[in-house]
Structures are given as C-alpha cells and as structure tokens.
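Student: below is the sequence, then the predicted model.
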Amino acid sequence: MMTANTIDAIVEEQTRRAKREGRRPYLITSEEDREKLRGIARDGGKGIPFLGGYVPKDWVRTKRALLFCDSSGFGQPGEPALTIAEFIDALQVGYGYATVEAGQFQVFVAEYRPKREGEALYTHPRKEKQG
C-alpha cells in the first residue's frame, strides 16, 4: 500500500511531466473512440494519460465527480472502484479524460472538455497547474 506522501509525490511528478510533454486528455469523439479504448485496455495498454494537477490551457475540467477506477485489471463489478469495462461505459462522447491521482491498484480520473473562447477555468480544490 502506498502512503499519502508517495501518492502526492507521484501526482507532482506526473503534473510536471504532463506539462513538459504537452499531454492532453483522451477525447471521446464517437462510440468508436470508446471501443478503441476497450481494445487498448484488453491488450494491456494505457490509453488514458496521467495529467495529475495539470490542466492544458485549451481544456476545462468539468465539475463531474472524479471516477474511482480499478487499474489492476482484477476489479469485479459491484466493488467501489469501477472495473475497466464500467469505466469505459461511463465515458461521454464530447469529453476528454485523464488520470489525476493514482494509487497501487486504483486511479482517479477527471473529466474535461475543450475550452470555449473567453471562458474562465474551473480548477479542482487541489493544487492544479495551468499551462
């Protein structure tokens, strides 16, 4: 089990890397994108980027509650953490998704949408770095 300090250090590092590498949320533009993500997950790949507290300047984080998801692949339906299949079913067309915090076996995923011109940004109460 990871300590809170370890998780915070991971988030800080991923926040810096996301900004440096120009990472963006995984955008669901159609049902095909959702199915593509199922294939990536089935093949053991990681399709959802880890942004930590970084919010790209052309994106806005929505006020939707964070999605608490199993990342081990061993989660079962009915457990507190969404299974990979349940997580993918919860994704909405027109929105982007990124991991904001990760533990040993679960992650928190936030929902984003493209920013409209002149719109103010919503930031989560945790430290977020705008870029």
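Tutor: That came through fine. Residues are numbered from 1 along each chain as shown.

Student: residue ranges with poor pLDDT in the protein?
Tutor: The model of the chain has pLDDT under 70 over residues 42-45, 118-131.

Student: quick one, helices of it?
Tutor: In the chain, the helices defined using DSSP state H lie at 4-21, 31-42, 84-90.

Student: got the contact list for the spatially most central residue of the chain?
Tutor: Centroid-nearest residue in the chain, with CA atoms, centre = their mean: residue 98, separated by 2.1 Å. When contacts are counted by CB atoms under 8 Å, 6 or more residues apart in numbering, residue 98 is found next to 23, 24, 25, 26, 48, 49, 50, 51, 109, 110, 112. (Glycine included, C-beta is placed from N, CA and C.)

Student: and with 6 Å instead?
Tutor: Residues counted as contacts of residue 98 (CB atoms under 6 Å, 6 or more residues apart in numbering) are 25, 49, 51.

Student: and if you look at residue 23?
Tutor: Counting by CB under 6 Å, 6+ apart, residue 23 touches 49, 51.

Student: I'd like the distance between it and residue 90.
Tutor: Per CB to CB, to the nearest Å, residue 23 is found 21 Å from residue 90.

Student: what's the neighbour count on residue 102?
Tutor: Counted by other CB atoms under 10 Å, the residues lying close to residue 102 total 19.

Student: who's the closest spatial neighbour of it, skipping the chain neighbours?
Tutor: Nearest residue to residue 102, sequence neighbours excluded (CB to CB, 6 or more residues apart in numbering): residue 10, at 6.1 Å.
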